[in-house]
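Chemist: Sequence and predicted structure are below.
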Amino acid sequence: MRQALNSGFQFAKAGVRLKNRSVLAPLTHNMSDSHGNPSPAELDWLEHCANGGFGLLIAAATQVWPGGRCWQGQPALMTDLQQQAYSRFAEATRAHGALALVQLHHGGVRAAPALNGTAPVGPSSEAPDSRYPLGVTELDEDAIQQLIGAFVTAAERAYRAGLDGVELHAAHYYLLCNFLNPVLNRRTDRWGGSVENRTRILIEIIRGIRQQLPRQFLVGVRLSPENYANVVGIELQNQLAVANLLAAEDIDYVHFSMGDSFKLANGKNTALLSEVINALTGKTTLMMAGNIRDGEAAERVLSAGADLVAIGTSALGNPDWIYKVTNGVPLVTPPFADTLLQAHGFNEAGITYLGAVPGLVVISKPKT
């Protein structure tokens, strides 16, 4: 029995309760159509996870504004048809006693010109180079206001679809993270400079949502805690300052995309998890994601002071992850057979996308 993992959790400000502390992390799957319409397959996959016992499910990074698309099969929440698809997600999740959120997203400097027909946009302009073949166009004041409105409108659509809340994607070098990053955000107006100014766009979105929707509607923010891979400008102390500003707003949680929840902080001899929790405990609900594969790892993160654990890779092969770790049933570990993923709802596009990740999926040989 996983005592902490299976205890319920209350979002105090919203008055909303989770049946357990396991969260399906927002997983990129590439299964929507070319217009961003969610496919029956991805909705089937989400329903498998709701049936499998997760307390909270967060749908994949979902486009809110034209020009922000990052991959071919990315979902969107900009039309009535897309809103209807998310209604199915809401209904299926509710039927299994869980809560359903959608992660709202704009690609920023990482948006794909081939999919958007235009150069990416960001807080500051970037000259064309190997990383940005068309350069990056700086957002002006009017465009920033339109962008804020797009996030708020998508949240309103999520509410009308019956979802329980939204998560604002401000991690992983995407647009909201671009504004937080002083290397990319070199503005001298009210949207740049100080950490307060660089966080302003997120705060304006949060306040806009709160003005429009009931308080029980959840609003969370996903953050990267520090630099990773070849990404620079995301420093821990800055991100903790951002998180403190967000905690002072009317949000329900901060979701840290840790990469590895058990690593040392960059350049330090202290655990990254401890650095984050010590700085923020008691200020807001803390959700952690990153290398939390099994029940033991989840309990370690919760015992360190996190409130919720988000399960990503392991959930792909185990949509019933919480049932298995609770009852001592062995988890399926990567590489996952493509036939297993197909049985869990993934279509060919999703399996092909995941199959490109080294060591994640075994693709069956075609029959001769």
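Modeler: All right, it came through fine.

Chemist: Need the pLDDT of the spatially most central residue of the chain.
Modeler: What sits nearest the mean C-alpha location of the chain, by C-alpha atoms, centre = their mean, is residue 26, with 4.7 Å. Looking at residue 26, its pLDDT stands at 98.

Chemist: Enumerate every residue touching it.
Modeler: Shown in contact with residue 26 (C-beta atoms under 8 Å, 6 or more residues apart in numbering): 58-61, 103, 167, 169, 222. Where you see a C-beta, it was placed from the backbone N, CA and C, and this is true even at glycine.

Chemist: any chance of those residues in CSV, with distance to residue 5, pLDDT and secondary structure too?
Modeler: Formatted as CSV, these follow (distance: C-beta to C-beta, whole Å; pLDDT from 0 to 100; DSSP: H, G, I helix; E, B strand; the rest coil):
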residue, distance to residue 5, pLDDT, secondary structure
58, 17, 98, strand
59, 22, 98, strand
60, 23, 97, strand
61, 25, 98, strand
103, 22, 98, strand
167, 21, 99, strand
169, 25, 98, strand
222, 21, 98, strand
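
Chemist: I'd like the residues you listed as a markdown table, with distance to residue 153 and neighbour count appended.
Modeler: Below are the contacts of residue 26 laid out as a markdown table (distance: C-beta to C-beta, whole Å; neighbours: other C-beta atoms under 10 Å):
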| residue | distance to residue 153 | neighbour count |
| --- | --- | --- |
| 58 | 19 | 27 |
| 59 | 17 | 29 |
| 60 | 19 | 24 |
| 61 | 17 | 26 |
| 103 | 16 | 22 |
| 167 | 16 | 25 |
| 169 | 16 | 28 |
| 222 | 20 | 28 |
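
Chemist: Need the max-distance pair from these.
Modeler: Maximum pairwise distance among those (C-beta to C-beta): 12.8 Å, between 59 and 222.

Chemist: which residues are in contact with both of those two?
Modeler: In contact with both residue 59 and residue 222: 26, 103, using C-beta under 8 Å, 6+ apart.

Chemist: Could you report the distance from residue 37 to residue 187?
Modeler: 35 Å (C-beta to C-beta, to the nearest Å).

Chemist: Between those two, which is the more surrounded one?
Modeler: Of the pair residue 37 and residue 187, residue 187 is the one with more neighbours under other C-beta atoms under 10 Å, namely 18 against 14.

Chemist: which residues does that one contact?
Modeler: Applying C-beta under 8 Å, 6+ apart, the residues near residue 187 are 123-124, 193, 197.

Chemist: can you give me the helices for the stretch 1-150 of the chain?
Modeler: Applying DSSP state H, counting those that start in this stretch to the stretch 1-150 of the chain gives helices spanning 40-51, 80-95, 113-116, 141-160.

Chemist: same check, this time on the stretch 251-368 of the chain
Modeler: 272-280, 295-303, 313-317, 321-327, 338-343, 348-355.

Chemist: Buried residues of the last one, list them for me.
Modeler: This means helix 348-355. Within helix 348-355, the residues that qualify as buried by neighbour count (16 or more other C-beta atoms under 10 Å) are 349-351, 353-355.

Chemist: possible to save those residues as JSON lines with distance to residue 175 and pLDDT?
Modeler: Shown next, in JSON lines, are these (distance: C-beta to C-beta, whole Å; pLDDT from 0 to 100):
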{"residue": "349", "distance to residue 175": "25", "pLDDT": "95"}
{"residue": "350", "distance to residue 175": "25", "pLDDT": "96"}
{"residue": "351", "distance to residue 175": "29", "pLDDT": "96"}
{"residue": "353", "distance to residue 175": "22", "pLDDT": "95"}
{"residue": "354", "distance to residue 175": "25", "pLDDT": "96"}
{"residue": "355", "distance to residue 175": "28", "pLDDT": "95"}
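
Chemist: so residue 197 sits in a helix?
Modeler: Yes. Counting by DSSP: H, G, I helix; E, B strand; the rest coil, one finds residue 197 located in a helix.

Chemist: please begin residue numbering at 38 from this point
Modeler: Yep, numbering from 38; the last one is residue 234 now.

Chemist: number of nearby residues for it?
Modeler: Residue 234: 16 neighbours (other C-beta under 10 Å).

Chemist: That one contacts residue 228, doesn't it?
Modeler: Yes. Between residue 234 and residue 228 a contact is recorded at 6.0 Å, counting by C-beta atoms under 8 Å.

Chemist: Would you check how far apart the closest residue to residue 189 other than its chain neighbours and residue 184 are?
Modeler: Leaving aside its sequence neighbours, residue 189 sits nearest to residue 245 (C-beta to C-beta, 6 or more residues apart in numbering; 4.0 Å). Distance, residue 245 to residue 184, by C-beta to C-beta: 11 Å.

Chemist: Between the two, point out the one with more neighbours.
Modeler: The residue with more neighbours, out of residue 245 and residue 184, is residue 184; 24 against 17, by other C-beta under 10 Å.

Chemist: which ones are touching that one?
Modeler: Taking C-beta under 8 Å, 6+ apart as the test, what residue 184 contacts is 102, 143, 176, 212, 238.
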